[in-house]
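J.: here is a sequence together with a model predicted from it:
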Amino acid sequence: MSILEIKQLYMSFGNNKVLTGLDMAVPENSIFGFVGKNGAGKTTTMKIVLGLLKADSGSVSVCGEKVVYGETKTNRHIGFLPDVPEFYGYMRPKEYLKLCGEITGLSAQRIKERSEELLTLVGLAGVNRRISGFSRGMKQRLGIAQALLNEPRLLICDEPTSALDPIGRKQILDILAAIKGRTTVVFSTHTLSDVERICDQIAVLDQGKLVLSGTISEIQKQYRRNSYSIRFSDPDQAARFAASEELASPCIRLDQDGNVLTITIEEQAIDGQALIDLLSRMQIAPEKFEAMEPTLENLFTEVVQ
Ligand SMILES: Nc1ncnc2c1ncn2[C@@H]1O[C@H](COP(=O)(O)OP(=O)(O)O)[C@@H](O)[C@H]1O
Ligand SMILES: [Mg+2]
């Protein structure tokens, strides 16, 4: 089942058409990476999902309930971490979570239990400093604890890693990976390495629509080109192989870099087995023979032009 479903969403600010028919479905229990360049419309989409912004047209449902602009009913299913979370700087982490819990209507006992559990999860269990002295990463982590307080079925984080150094990034990603299975996680990012690390589903937003979506392996399969990398014992051997008659075709591209030859094949001009047969006929035993997977980074640049 989709925990979040967006259908044909349109949104413009004046002449700026930000969303132009966005369709997106987030499967329950996934970690869903919502990828797009700065200004692609990620924050706008999230605000519409939270009922904070009115779309021009289209529909959004959360846990099967329709989101209505200006109403907060569907937000009881959602925990949200905004891109720049604001806190009362004079408060300490426990006090802050207590305040949030009271606002949500949790019992004192429940607040105590949840706070301890969540502060441990986000690595702030022993921290009793005022929030004003927190690093950005610590603030993001406290923000995740706050967003999870009410045990939401869906956690939405707006660029939780963007302002952080590599260690801070890893901490956030580890936390999101740790809650997988308990809460569906949607997080936006403009960094593909974040997505590759923890997401099982990704969607790439560009020019107001999804240009790529699915599981990482599905996407790689869909865009797979036949490409092989062969490492020879020396550059001459590589050149000799590259010069063979069987490889002289407009559908076969050969790129030689020293003793490594990359062969990109279009329209099944030749396959891996035929390359191996050819090597064997030429009595060449390569040092390495590899069928190449397209990286997400390459796909992204190819798709988002
Ligand atoms: N309140 C607003 N008024 C006018 N334009 C806005 C407003 N919010 C966002 N935009 C514009 O909408 C586009 C998408 O912004 P945003 O959703 O914040 O992108 P992202 O979060 O992907 O970086 C940008 O061009 C931005 O300038
Ligand atoms: Mg944004």
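T.: Structure received. Ligands and ions are numbered 1, 2, ... in the order given.
J.: enumerate the residues of the stretch 1-150 of the chain near ligand 2.
T.: Contacts of the stretch 1-150 of the chain with ligand 2, taken as CB under 5 Å from the ion, map to 42-43. No exception for glycine: its C-beta is placed from N, CA and C like everyone else's.
J.: for ligand 2, what is the nearest residue in the stretch 1-150 of the chain?
T.: For the stretch 1-150 of the chain and ligand 2, the shortest gap (CB to the ion) falls at T43, measuring 3.2 Å.
J.: just the terminal-to-terminal distance for stretch 241-255.
T.: 12 Å (CA to CA, to the nearest Å).
J.: now the helices for the chain?
T.: For the chain, the helices defined by DSSP state H cover 42-49, 93-104, 108-121, 136-148, 166-178, 192-198, 216-222, 235-242, 272-281, 296-303.
J.: domains for the chain, by residue range?
T.: What automatic domain parsing lists as the domains of the chain is 2-221, 225-303.
J.: S233 contacts V260, correct?
T.: No - the pair S233 / V260 is not scored as a contact, 11.2 Å apart, by CB atoms under 8 Å.
J.: which one of those two has more residues nearby?
T.: For the pair S233 and V260, the greater number of neighbours falls to V260 (17 against 12), based on other CB atoms under 10 Å.
J.: which residues touch A25?
T.: 2, 4-6 (CB atoms under 8 Å, 6 or more residues apart in numbering).
J.: and the closest residue in space to G36 that isn't next to it in sequence, what are its bridge partners?
T.: In space, not counting the residues next to it along the chain, G36 is nearest to L205; the distance is 3.7 Å by CB to CB, 6 or more residues apart in numbering. Beta-bridge partners for L205, by DSSP bridges, are L210.
J.: what parts of the chain come near ligand 1?
T.: Counting by CB under 6 Å from any ligand atom, the chain comes close to ligand 1 at 13, 16, 18, 36, 38-44.
J.: now, the residues you listed that are in strands?
T.: 13, 16, 18 (DSSP state E).
J.: the first one: neighbouring residues, count only.
T.: One way to gauge burial is a neighbour count; for F13, by other CB under 10 Å, it gives 9.
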